[in-house]
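**Q** Fold the following for me, if possible:
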Amino acid sequence: MASVSTYLAGVKILDLSQYISGPFASLMLGDMGAQVIKIEPPHGDEMRSLGPRDSDGDPVFYHALNAGKSLLHIDLKTEEGRARILELIKDADVLIEGFRPGVMARLGIDYQSLKPLNPSLIYCSISGYGTNGPLSQSAGHDGNYLATSGILDRNGGEQPFFFDPPVADVSGALFASIAILGALNGRNRTGEGTHIELGLADTLMPLQLMQIAEWGANATVPARQSTYLNGAAAYYQVYPAADGRYVMLGAVEAKFWRNFCIAAGREDWIARQDDAFPQQELIADISHFFRQYTSAQIEARFDGIECCLSPVLNLEEALISDHVGSRGLVHQAKDGLQALFPATFDGETTAPRARLAPHD
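**A** From the prediction side, this is the model:
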């Protein structure tokens with residue numbers, strides 16, 4: 001099979017989006033060989049002003065999301081800028097935009113306006129809440145999408161707690177890239193383009209397919225610390241060690257739970273896996289057990305025991321771990337450390353296509 005870096009060779013993508021979702025989607029498509037032209041307003045992508053800087057003063061987050069892309073600065077509000085976009089559209093395969101619904105129509109470069117110019121164009125619109133519905137014109141960020149999806153309510157302790165990395169933003173990128181790849185394949189058969197419309201808040205619904213199915217069957221609304229996935233189970237829980245570190249126990253299956261109990265010297269815990277939720281007493285017992293040992297002592301005691309017990313690593317520890325190194329998940333490029341597409345293709349990663357800093 002051809003190299004992964006050539007899978008989308010010949011595909012030209014115009015990326016008018018900013019921040020995370022659209023740029024992340026075009027980054028992954030670029031890793032597979034697509035030509036990505038990042039079109040930014042004269043002052044640049046707003047992501048340039050967010051987050052940390054490297055030793056040269058360059059924006060780290062912006063470079064990570066836009067490496068390998070060509071840059072054009074175009075003022076879409078001017079006739080000259082609009083004419084430039086229309087010229088680029090003529091031979092483009094994909095356009096990605098992340099404006100609030102209605103903005104592209106006011107600029108005269110919405111899908112319906114561009115379709116006669118390029119009927120094979122795949123046009124992907126990414127917004128917060130989609131193009132219709134009561135929230136379509138509402139501003140929002142990842143925490144807001146989690147809040148309106150039902151996810152934020154059931155995660156946390158005494159009060160809801162949001163996540164890092166941003167779940168909806170990243171999911172939006174993944175769903176957008178999947179949709180674009182599907183549309184490209186469909187266009188190979190029909191020759192026709194399509195308009196993909198994606199709300200970031202909407203991407204959180206398929207992530208909840210199990211919980212949604214349960215609500216549909218039993219009208220169950222999960223509360224915080226009410227299921228094994230959000231803190232109610234002793235067998236799926238984070239526990240503190242004596243040295244201030246933490247371990248994650250994920251012994252969901254009975255065989256793993258049994259192995260853990262035996263290795264802990266507490267076979268009397270085996271039958272308690274079926275205790276009613278929340279398993280506060282069992283959680284307290286296991287917490288007391290782990291607090292007697294340092295994280296190193298815990299790791300030594302359970303070494304080779306199949307019970308799904310892992311140390312809780314910080315980012316630095318994860319990046320230098322044997323697992324990440326052997327799997328080739330990050331790549332030290334000239335312009336910094338980069339996370340790669342996690343699948344390999346005939347053993348090849350996307351690393352051979354060096355991601356250089358976005359360039360004019």
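
**Q** rest of the way, CA atoms for contacts and neighbours
**A** Fine.

**Q** Tell me which residue lies nearest the centroid of the chain.
**A** Val170 (2.8 Å; Cα atoms, centre = their mean).

**Q** mind checking how far that one is from Glu214?
**A** 25 Å (Cα to Cα, to the nearest Å).

**Q** Same question for Thr203.
**A** For Thr203, the distance to Glu214 - Cα to Cα - is 19 Å.

**Q** ditto for Glu87
**A** 50 Å.

**Q** repeat for Met32
**A** Met32 is 38 Å from Glu214, by Cα to Cα.

**Q** Those two - which one has more neighbours?
**A** Neighbour count, other Cα atoms under 10 Å: between Met32 and Glu214, Met32 has more, with 21 against 14.

**Q** mind listing the helices for the stretch 51-200 of the chain?
**A** 60-66, 79-89, 103-107, 111-114, 142-149, 167-190 (DSSP state H, counting those that start in this stretch).

**Q** Can you verify my assumption that Trp269 contacts Asn259?
**A** No. Contact criterion Cα atoms under 8 Å: Trp269 and Asn259 do not qualify, at 10.9 Å.

**Q** so is Ile39 in a helix, a strand, or just coil?
**A** Under DSSP: H, G, I helix; E, B strand; the rest coil, Ile39 falls in the strand class.

**Q** Tell me, how many residues neighbour it?
**A** The burial count for Ile39: 24, using other Cα under 10 Å.

**Q** just Asp54 next, same as before
**A** By other Cα under 10 Å, neighbour count at Asp54 equals 11.

**Q** same check, this time on Asp322
**A** 11.

**Q** again with the one 10 residues further on
**A** The number of residues packed near Gln332 is 12, by other Cα under 10 Å.

**Q** and the helix or strand encompassing it, which residues are buried?
**A** Counting by DSSP states H and E, the element that carries Gln332 is strand 330-333. The neighbour-count check on strand 330-333 (16 or more other Cα atoms under 10 Å) flags Val330, His331 as buried.

**Q** Neighbouring strands of it in the sheet, and parallel or not?
**A** Strand 330-333 sits in its sheet next to strand 336-339 (antiparallel), going by DSSP bridges.

**Q** circling back to that earlier point, gap between the residue nearest to the residue nearest to the centre of the chain when sequence neighbours are not counted and Gly133?
**A** Nearest non-adjacent residue to Val170, counting by Cα to Cα, 6 or more residues apart in numbering: Ser21, 6.0 Å away. Distance, Ser21 to Gly133, by Cα to Cα: 21 Å.

**Q** neighbour-wise, which of these two wins?
**A** Ser21 (27 against 8).

**Q** measure that one to Ala176 for me?
**A** 8 Å.

**Q** if I look at these two, which residues touch both of them?
**A** Ile126 (Cα atoms under 8 Å, 6 or more residues apart in numbering).

**Q** Asp153 against Arg224, yeah?
**A** Yes. Using Cα under 8 Å, Asp153 is in contact with Arg224, at 7.0 Å.

**Q** Show me the common contact partners of these two, please.
**A** Pro160.

**Q** which of the two has more neighbours?
**A** Using other Cα under 10 Å as the criterion, Asp153 and Arg224 rank with Arg224 on top: 21 against 18.

**Q** How about the contacts made by the more buried one?
**A** By Cα under 8 Å, 6+ apart, the neighbours of Arg224 are Asp153, Arg154, Asn155, Gly156, Gly157, Pro160, Asn230, Gly231.

**Q** ok, the third one to Tyr145 distance?
**A** This means Asn155. On the measure of Cα to Cα, Asn155 and Tyr145 end up 14 Å apart.

**Q** neighbour count winner among these two?
**A** Ranked by neighbour count (other Cα under 10 Å), Asn155 and Tyr145 place Tyr145 first, with 24 against 21.

**Q** Just the pLDDT at that one, thanks.
**A** Note on Tyr145: pLDDT of 98.
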